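> After the sequence you'll find the predicted model.
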Amino acid sequence: MQPAASITASRKASSPSRPMRTAQQIRQAFLDHFAQRGHTIVPSAPMVVKDDPTLMFTNAGMNQFKDLFLGNRPVTHKRIADTQKCLRVSGKHNDLEEVGIDTYHHTMFEMLGNWSFGDYFKKEAIQWAWELLTDTYGIPKENIYVTYFGGDAADKLEADTETRELWLNYLPAERVLPFGRKDNFWEMGDTGPCGPCTEIHVDVRSEAEKKAKPGTELVNRDNPQVIEIWNNVFMQFERKADGSLQPLPAKHVDTGMGFERLCMVLQGKRSNYDTDVFQPLIQAIAKACGKAYGKEEKADIAMRVAADHLRAIAFAIADGQLPGNTGAGYVIRRILRRAVRYGYSFLGLNEPFLHTLVPVLVKEMGGQFPELAKQQQLVESVMHEEEKAFLRTLELGTKRLEQLVAEGKGTLDGAKAFELFDTFGFPIDLTRLMAREHGIDVDMQGFEAELKKQKDRSRAATAITTGDWNELASGETVFNGYDTFATEARILRWRQVKDKAGDRFQIVLDRTPFYAEGGGQVGDTGWLVQGDARIEVLDTKRENQLIVHFTKQLPPDPAAPLTAEVDAHRRKLTRRNHSATHLLHHALRHVLGTHVEQKGSLVAPDRLRFDISHFAKITPEELARVEAEVRDQVHADLALEEKRETPMDEAKRMGAMALFGEKYGDKVRVIKFGGSVELCGGTHVPRTGEIGGFRIVSEGALAAGIRRIEAITSEAADRYVQERLDTLETINELLKHPKDTATAVKHLLEQNAAQAKELEKAAHERVARLQESILDGAAQVNGARVVAKLVDLDANGMRDLAFRLKDANPDLLLVLAAKEADKALLAVMVGAELIAKGHAAPKLIKALAAEIKGGGGGQPFFATAGGKDPAGLERALAKAKELLA
């Protein structure tokens with residue numbers, strides 16, 4: 001990797017001559033090139049992955065075709081090309097904290113790709129790649145280097161001489177270079193399809209640089225000017241769980257070309273960020289902060305970080321992934337916070353700014369990715385709220401750092417530095433900078449140890465050991481769960497897996513009524529019945545188009561027929577909630593407006609959860625109207641109108657609503673209840689009357705512009721009503737059965753409020769009396785006044801007293817103790833003069849809290865502690881007088 005310090009300087013070096021093209025022209029030329037060679041051009045899959053448990057985000061162009069390589073879905077187009085939006089935040093060269101430092105790695109990027117599924121192979125792939133790069137794009141042939149697989153003794157694989165010989169038709173031998181398994185043997189994962197690959201590198205250095213050092217010495221050496229742009233993978237093996245390789249029955253081609261790197265090459269730039277892919281964003285950022293790009297290294301890095309991360313965040317939100325605290329949502333939140341803190345720390349952007357750049361991004365990329373333009377308002381709103389929240393967090397983090405610095409003795413503990421990083425999003429370099437300003441160091445070894453622990457915990461939580469599939473029969477699964485709860489079946493394949501849930505089996509059947517988790521609906525449970533054995537099915541999920549049944553054991557004879565039996569009662573409860581979700585969606589659009597769109601859902605047996613786009617709180621009156629409309633549709637007992645295998649164009653003419661972030665095939669399933677028409681693969685009631693009761697139990701904000709509604713139906717709704725009737729009856733009994741229960745409760749609350757006000761007044765009076773007299777018995781200790789006293793106050797009263805005394809008594813150490821039921825309370829106030837001498841309240845309270853078997857903390861001037869040993873209060877007060885000795 002090129003040192004960061006030289007990046008800005010290298011931009012000024014002479015660039016090789018290239019025909020100038022816009023990014024849009026470059027992308028379209030790629031697609032046209034392969035369309036002319038018989039490839040079907042398909043749209044990008046969503047960047048957020050929903051049906052592959054091994055991935056949170058699409059991280060390569062081949063992800064959406066993974067099931068084709070695995071043979072889990074029939075091939076309908078043998079040749080395909082596309083541009084795929086991808087996201088990477090970990091792995092080789094993709095550590096999030098490094099993005100923006102160099103000139104050619106990104107979080108979100110486009111991957112141009114062409115695929116062959118059992119059709120053409122190495123000869124055509126290499127020929128068409130060469131024609132595109134040299135004829136269509138005009139890259140000088142003398143600047144191109146290629147690599148091929150040089151063999152691997154451990155895998156007993158010989159060198160891929162076929163690829164080498166094919167390249168020698170276009171390039172001299174000195175620019176056709178062999179590399180080992182690490183660089184030139186591609187694998188989908190620990191198991192699965194794999195094969196040798198050939199990488200294409202381009203040397204974009206100046207002529208003087210080329211003469212000084214030949215490009216052959218820089219290929220695969222992390223040089224940003226001799227850069228890989230295209231990888232052609234020739235899938236011809238399958239890696240088994242034992243590490244062995246078996247030939248695939250059909251050979252495939254999987255290629256991926258980095259769009260941003262290609263633009264850098266064709267536009268004669270030295271950095272991806274200097275192309276028109278990024279420059280409109282970078283210039284908008286430069287204008288916002290009043291700094292010119294290319295003048296100052298730290299500012300340049302910050303602008304690159306913001307431009308890169310904006311793309312990742314916007315596309316993730318547009319594809320349905322909101323920032324959150326877990327999983328994929330946490331990744332997006334972490335990316336956003338990194339961009340904000342770089343703007344905050346190095347560009348002087350102390351107000352939300354990322355959301356203001358979304359229109360620039362939409363202008364540049366909305367044509368190729370229409371979902372970005374369609375979801376622009378939502379993207380801007382969510383980003384704005386996230387930015388505001390994190391800027392508040394940064395402010396709190398700064399105060400926490402100042403507190404830690406005040407408590408420290410020359411070195412900031414590594415665990416505390418990690419707390420700032422993990423909780424407040426403080427980059428470690430910012431922590432070190434601020435600590436240095438206070439004259440203390442940061443324990444980096446301790447920080448790295450805590451960071452490693454977190455990564456280890458994360459890996460352990462997701463670790464899974466998967467065995468090879470045991471193939472018992474060939475074929476695909478027929479799902480008949482729309483029509484039946486039980487069916488005769490045979491096992492096609494099974495394997496054993498081990499994860500944090502323990503040892504389990506995954507079973508694939510030739511026929512199944514089990515619905516696999518998807519579209520918000522939970523997976524079915526039930527049984528696999530064989531003779532007297534009833535094997536419990538714990539869950540059903542879809543993995544690479546396979547319907548996988550999870551069990552703790554295998555049937556007695558895996559090769560024999562069995563009965564697959566869904567838990568019918570649980571399924572019926574679930575389908576009632578799913579159909580109610582459709583009715584709810586329809587009612588919301590009628591009451592609130594057609595701008596309402598589904599942004600997420602959960603359909604379970606006991607409840608439903610529905611997230612929608614709406615930019616205001618839903619009023620109680622609106623919720624009541626929505627609930628009433630749903631009930632009307634339930635009472636109307638509307639019949640299900642289901643159309644399976646409907647062409648997408650026909651479904652759209654019917655008015656069917658497609659959900660954002662979902663990828664649909666050429667044929668879809670349409671679900672219609674009265675005026676509600678949606679594309680849906682879930683299970684539904686035959687008539688809406690089966691839903692029974694319907695109750696909305698909560699409504700609130702999930703994120704900016706996103707509201708979450710939770711509701712219940714059927715048995716859960718009946719229980720809900722009965723519980724509230726029981727509660728009302730209990731209240732009536734407690735109030736001696738008043739004529740008007742609501743009025744009686746209101747009167748009781750008013751009495752309670754009046755008494756509370758009297759108690760509060762009395763507490764203030766006690767504080768005022770103590771304020772007048774408490775300093776009379778102050779002891780003199782090393783030039784300071786010390787007061788340590790047991791008081792008849794609660795925690796709020798002690799705080800009130802301390803704050804009243806603080807400003808007028810800079811030389812005072814005040815220690816207050818109080819009993820509250822069986823608990824002990826302590827409070828410490830330190831005057832400004834004592835703080836200046838190094839006496840911080842959190843440090844002092846820690847020493848005293850040990851006497852009451854408790855703990856606490858606070859700010860430099862005021863800290864509190866609670867404990868479970870009131871008998872220790874007298875010891876704590878006695879000890880207080882020794883704190884300044």
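Thanks, I have it.
> isn't Gln375 right up against Ala318?
Yes - the pair Gln375 / Ala318 is scored as a contact, 4.2 Å apart, by CB atoms under 8 Å. Where you see a C-beta, it was placed from the backbone N, CA and C, and this is true even at glycine.
> These two: who's more crowded?
Ala318 (28 against 25; other CB atoms under 10 Å).
> Quick check: the gap between that one and Gln598.
Ala318 sits 14 Å away from Gln598, going by CB to CB, to the nearest Å.
> ok, now which ones touch the closest residue to Leu659 other than its chain neighbours?
Distances taken as CB to CB, 6 or more residues apart in numbering put Gln598 closest to Leu659, at 5.5 Å, once the chain neighbours are dropped. Taking CB atoms under 8 Å, 6 or more residues apart in numbering, we find Gln598 in contact with 585, 610-612, 657, 659-660.
> okay, those in JSON lines with secondary structure and distance to Thr466 next?
Output for the contacts of Gln598, formatted as JSON lines (DSSP: H, G, I helix; E, B strand; the rest coil; distance: CB to CB, whole Å):
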{"residue": "His585", "secondary structure": "helix", "distance to Thr466": "37"}
{"residue": "Phe610", "secondary structure": "strand", "distance to Thr466": "34"}
{"residue": "Asp611", "secondary structure": "strand", "distance to Thr466": "32"}
{"residue": "Ile612", "secondary structure": "strand", "distance to Thr466": "37"}
{"residue": "Met657", "secondary structure": "strand", "distance to Thr466": "37"}
{"residue": "Leu659", "secondary structure": "coil", "distance to Thr466": "30"}
{"residue": "Phe660", "secondary structure": "coil", "distance to Thr466": "32"}
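> Now do the same for Ser6: its pLDDT.
The per-residue pLDDT reported for Ser6 equals 35.
> Nearest to Glu296 among the contacts of Gln598?
When the contacts of Gln598 are compared for distance to Glu296 (CB to CB), Phe660 wins out at 39.7 Å.
> Got the confidence number for the closest one?
At Phe660, pLDDT is 59.
> got it, and Leu157?
89.
> give the contact list for the closest residue to it other than its chain neighbours.
Leaving out its chain neighbours, the residue that sits closest to Leu157 by CB to CB, 6+ apart is Gly151, at 5.7 Å. Contact partners of Gly151, counting by CB under 8 Å, 6+ apart, are 157-160, 178, 180.
> run the last query once more with 10 Å
157-161, 178, 180-181, 184-185, 196 (CB atoms under 10 Å, 6 or more residues apart in numbering).
> If any of those are buried, put those into a PyMOL selection.
Here is the PyMOL command that selects the buried residues among the contacts of Gly151 (16 or more other CB atoms under 10 Å):
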select buried, resi 157+160+178+181+184+185+196
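> Let me know the distance separating the residue nearest to Leu659 from His578.
12 Å.
> tell me, what's touching the two both at once?
Taking CB under 10 Å, 6+ apart as the contact rule, Gln598 and His578 both touch Gly520.
> ok, back up a step: could you identify the pair within the contacts of Gly151 that is furthest apart?
That would be Thr161 and Arg181, which, of the contacts of Gly151, are the farthest apart (CB to CB) at 16.0 Å.
> Which of the three states applies to the residue sitting nearest the centre point of the chain?
Nearest to the centroid of the C-alpha atoms of the chain, with distances taken as CA atoms, centre = their mean, sits Ala328, at 1.9 Å. The three-state assignment at Ala328 reads helix, by DSSP: H, G, I helix; E, B strand; the rest coil.
> That one and Leu87: what is the separation?
9 Å.
> what is in contact with the two at once?
With CB under 10 Å, 6+ apart as the test, Ala328 and Leu87 both reach 47-49, 55-57, 316, 321.
> so which strand or helix has the closest residue in space to Gly425 that isn't next to it in sequence?
In this structure, Gly425 finds its nearest non-sequential neighbour in Arg337, 4.2 Å apart by CB to CB, 6+ apart. Using DSSP states H and E, Arg337 sits in helix 327-346.
> can you tell me which residues contact His318?
That one is not His; residue 318 is Ala. Ala318 touches 46-48, 85, 358, 362, 366, 369-376, 378-379, 382, 660-661, counting by CB under 10 Å, 6+ apart.
> cool, and Pro352?
Contacts of Pro352 (CB under 10 Å, 6+ apart): 340, 343, 383-391.
> Glu699 and Ala624 touch, don't they?
No - counting by CB atoms under 10 Å, Glu699 sits too far from Ala624 to count as a contact (11.1 Å).
> the more surrounded of these two?
For Glu699 versus Ala624, the count of surrounding residues by other CB under 10 Å is larger for Glu699: 18 against 12.
> ok, then the element right after the helix or strand where the more buried one lies?
For Glu699, the element it lies in under DSSP H and E is strand 694-703. Once strand 694-703 ends, the next helix or strand along the chain (criterion: DSSP H and E) is strand 706-713.
> what's in contact with the following helix or strand past that following strand?
Counting by DSSP H and E, the element after strand 706-713 in chain order, helix or strand, is helix 714-734. Here helix 714-734 makes contact (CB under 10 Å, 6+ apart) with 569, 572-577, 580, 604-608, 685, 690-695, 697, 711-713, 737-738, 741-742, 744-745, 748.
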